[in-house]
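Peer 1: Build me a model:
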Amino acid sequence: MLNFIRKTLISRDRDLPGQATSREERTRIAASVILLEAAHVDNECTDEELDHVIETLRSDFKLSQEHAEELVELARHERKNAVDLFEFTNHINNEFSKEEKRAVLKAVWRIIHIDGQLEKHEDHFARKLTHLLRLSPADMIDAKLQARKEIQ
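Peer 2: Numbers count the residues shown, from 1 in each chain. A predicted model of the protein is given here:
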(Lines give C-alpha, C1' and ligand atoms only; values in the text may rest on other atoms or scores of the structure.)
Protein backbone atom coordinates (compact mmCIF):
# COMPACT_ATOMS: atom_id res chain seq x y z
CA MET A 1 0.00 0.00 0.00
CA LEU A 2 2.77 2.46 0.86
CA ASN A 3 4.37 1.86 -2.54
CA PHE A 4 1.11 2.81 -4.26
CA ILE A 5 0.85 6.00 -2.18
CA ARG A 6 4.48 6.95 -2.79
CA LYS A 7 4.16 6.24 -6.52
CA THR A 8 1.01 8.33 -6.79
CA LEU A 9 2.46 11.25 -4.84
CA ILE A 10 5.64 11.19 -6.93
CA SER A 11 3.70 10.99 -10.19
CA ARG A 12 1.50 13.86 -9.00
CA ASP A 13 4.56 16.03 -8.50
CA ARG A 14 5.80 15.13 -12.00
CA ASP A 15 2.39 15.09 -13.72
CA LEU A 16 3.51 15.21 -17.33
CA PRO A 17 1.04 15.52 -20.23
CA GLY A 18 1.80 12.02 -21.53
CA GLN A 19 1.06 10.27 -18.24
CA ALA A 20 -2.55 9.14 -18.67
CA THR A 21 -2.38 6.80 -15.69
CA SER A 22 -1.35 9.52 -13.24
CA ARG A 23 -4.00 11.87 -14.60
CA GLU A 24 -6.67 9.18 -14.23
CA GLU A 25 -5.47 8.37 -10.72
CA ARG A 26 -5.44 12.09 -9.84
CA THR A 27 -9.08 12.27 -10.92
CA ARG A 28 -9.92 9.32 -8.71
CA ILE A 29 -8.13 10.98 -5.81
CA ALA A 30 -10.03 14.23 -6.35
CA ALA A 31 -13.35 12.38 -6.31
CA SER A 32 -12.26 10.44 -3.23
CA VAL A 33 -11.38 13.62 -1.35
CA ILE A 34 -14.81 15.05 -2.09
CA LEU A 35 -16.53 11.88 -0.90
CA LEU A 36 -14.42 11.85 2.26
CA GLU A 37 -15.24 15.48 2.88
CA ALA A 38 -18.94 14.63 2.65
CA ALA A 39 -18.42 11.86 5.20
CA HIS A 40 -16.60 14.24 7.57
CA VAL A 41 -18.71 17.36 7.07
CA ASP A 42 -20.71 16.65 10.24
CA ASN A 43 -17.42 16.14 12.15
CA GLU A 44 -18.04 12.42 12.42
CA CYS A 45 -17.16 9.80 9.83
CA THR A 46 -18.97 6.60 10.74
CA ASP A 47 -17.93 3.15 9.60
CA GLU A 48 -21.10 3.04 7.51
CA GLU A 49 -20.16 6.28 5.74
CA LEU A 50 -16.60 5.08 5.14
CA ASP A 51 -17.88 1.75 3.79
CA HIS A 52 -20.17 3.68 1.47
CA VAL A 53 -17.26 5.82 0.23
CA ILE A 54 -15.24 2.68 -0.53
CA GLU A 55 -18.17 0.96 -2.22
CA THR A 56 -18.84 4.05 -4.34
CA LEU A 57 -15.21 4.12 -5.47
CA ARG A 58 -15.29 0.41 -6.26
CA SER A 59 -18.46 0.61 -8.31
CA ASP A 60 -17.95 3.99 -10.03
CA PHE A 61 -14.30 3.43 -10.94
CA LYS A 62 -14.46 -0.37 -11.19
CA LEU A 63 -11.72 -0.87 -8.60
CA SER A 64 -10.78 -3.78 -6.39
CA GLN A 65 -11.48 -3.53 -2.67
CA GLU A 66 -7.76 -3.13 -2.00
CA HIS A 67 -7.30 -0.35 -4.57
CA ALA A 68 -10.36 1.51 -3.25
CA GLU A 69 -9.02 1.30 0.30
CA GLU A 70 -5.61 2.57 -0.85
CA LEU A 71 -7.33 5.40 -2.66
CA VAL A 72 -9.17 6.37 0.52
CA GLU A 73 -5.88 6.41 2.45
CA LEU A 74 -4.32 8.63 -0.18
CA ALA A 75 -7.40 10.87 -0.21
CA ARG A 76 -7.15 11.22 3.58
CA HIS A 77 -3.60 12.48 3.17
CA GLU A 78 -4.64 14.90 0.42
CA ARG A 79 -7.68 16.12 2.39
CA LYS A 80 -5.56 16.72 5.48
CA ASN A 81 -3.08 18.86 3.51
CA ALA A 82 -5.63 20.73 1.38
CA VAL A 83 -6.56 24.33 2.00
CA ASP A 84 -9.94 23.97 0.34
CA LEU A 85 -11.83 21.87 -2.20
CA PHE A 86 -11.12 24.05 -5.23
CA GLU A 87 -8.09 22.10 -6.48
CA PHE A 88 -10.16 18.91 -6.42
CA THR A 89 -13.34 20.32 -7.91
CA ASN A 90 -11.33 22.16 -10.55
CA HIS A 91 -9.66 18.90 -11.56
CA ILE A 92 -13.03 17.17 -11.73
CA ASN A 93 -14.45 20.03 -13.81
CA ASN A 94 -11.60 19.56 -16.28
CA GLU A 95 -11.88 15.76 -16.46
CA PHE A 96 -15.54 14.82 -15.91
CA SER A 97 -18.57 15.26 -18.08
CA LYS A 98 -21.64 16.96 -16.64
CA GLU A 99 -23.23 13.54 -16.11
CA GLU A 100 -20.16 12.29 -14.22
CA LYS A 101 -20.20 15.41 -12.03
CA ARG A 102 -23.88 14.77 -11.29
CA ALA A 103 -22.93 11.22 -10.25
CA VAL A 104 -20.35 12.62 -7.80
CA LEU A 105 -22.97 14.96 -6.36
CA LYS A 106 -25.45 12.10 -6.03
CA ALA A 107 -22.81 10.00 -4.24
CA VAL A 108 -22.22 12.91 -1.85
CA TRP A 109 -25.93 13.09 -1.11
CA ARG A 110 -26.02 9.32 -0.46
CA ILE A 111 -23.24 9.73 2.09
CA ILE A 112 -25.04 12.66 3.71
CA HIS A 113 -28.32 10.72 3.89
CA ILE A 114 -26.80 7.44 5.12
CA ASP A 115 -27.29 8.37 8.81
CA GLY A 116 -30.91 9.43 8.24
CA GLN A 117 -30.32 13.03 9.32
CA LEU A 118 -29.70 16.15 7.29
CA GLU A 119 -27.83 18.82 9.19
CA LYS A 120 -27.47 22.43 8.09
CA HIS A 121 -23.74 22.22 7.40
CA GLU A 122 -24.26 19.06 5.29
CA ASP A 123 -26.84 20.88 3.19
CA HIS A 124 -24.49 23.87 2.93
CA PHE A 125 -21.64 21.61 1.82
CA ALA A 126 -23.78 20.05 -0.93
CA ARG A 127 -24.87 23.50 -2.15
CA LYS A 128 -21.27 24.74 -2.16
CA LEU A 129 -20.14 21.63 -4.01
CA THR A 130 -22.91 22.11 -6.58
CA HIS A 131 -21.57 25.58 -7.28
CA LEU A 132 -17.92 24.43 -7.40
CA LEU A 133 -18.82 21.64 -9.85
CA ARG A 134 -20.65 24.19 -12.02
CA LEU A 135 -23.95 22.36 -11.70
CA SER A 136 -27.37 23.93 -11.38
CA PRO A 137 -29.63 24.01 -8.32
CA ALA A 138 -31.96 21.71 -10.27
CA ASP A 139 -29.08 19.21 -10.63
CA MET A 140 -28.56 19.40 -6.87
CA ILE A 141 -32.20 18.81 -6.04
CA ASP A 142 -32.41 15.93 -8.49
CA ALA A 143 -29.28 14.32 -7.02
CA LYS A 144 -30.61 14.82 -3.50
CA LEU A 145 -33.96 13.20 -4.28
CA GLN A 146 -32.41 10.27 -6.16
CA ALA A 147 -29.93 9.65 -3.35
CA ARG A 148 -32.65 9.77 -0.70
CA LYS A 149 -34.70 7.24 -2.69
CA GLU A 150 -31.69 4.91 -3.07
CA ILE A 151 -30.87 5.02 0.65
CA GLN A 152 -34.41 4.24 1.82
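Peer 1: helices and strands around the one helix or strand Ser32 maps to, which ones?
Peer 2: Following DSSP states H and E, one finds Ser32 within helix 20-40. In terms of contacts (3 or more CB pairs under 8 Å, 6 or more residues apart in numbering; DSSP states H and E), helix 20-40 is packed against helix 2-13, helix 47-61, helix 65-81, helix 86-95, helix 98-113, helix 120-132. All C-beta spots, glycine's among them, are computed from the backbone N, C-alpha and C.
Peer 1: any chance of the ones you listed in CSV, plus mean pLDDT, distance to Lys149 and mean neighbour count?
Peer 2: Rendered in CSV, the data for these read as follows (pLDDT from 0 to 100; distance: least, CB to CB, whole Å; neighbours: other CB atoms under 10 Å):
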stretch, mean pLDDT, distance to Lys149, mean neighbour count
helix 2-13, 44, 35, 13
helix 47-61, 92, 15, 17
helix 65-81, 93, 24, 17
helix 86-95, 95, 24, 16
helix 98-113, 94, 10, 21
helix 120-132, 95, 16, 16
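Peer 1: In a markdown table: the ones you listed, plus distance to Ala138.
Peer 2: Below are the helices and strands packed on helix 20-40 laid out as a markdown table (distance: least, CB to CB, whole Å):
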| stretch | distance to Ala138 |
| --- | --- |
| helix 2-13 | 34 |
| helix 47-61 | 22 |
| helix 65-81 | 29 |
| helix 86-95 | 18 |
| helix 98-113 | 11 |
| helix 120-132 | 10 |
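Peer 1: Arg23: which of these is closest?
Peer 2: Ranking those by proximity to Arg23 (CB to CB) places helix 86-95 first, at 7.4 Å.
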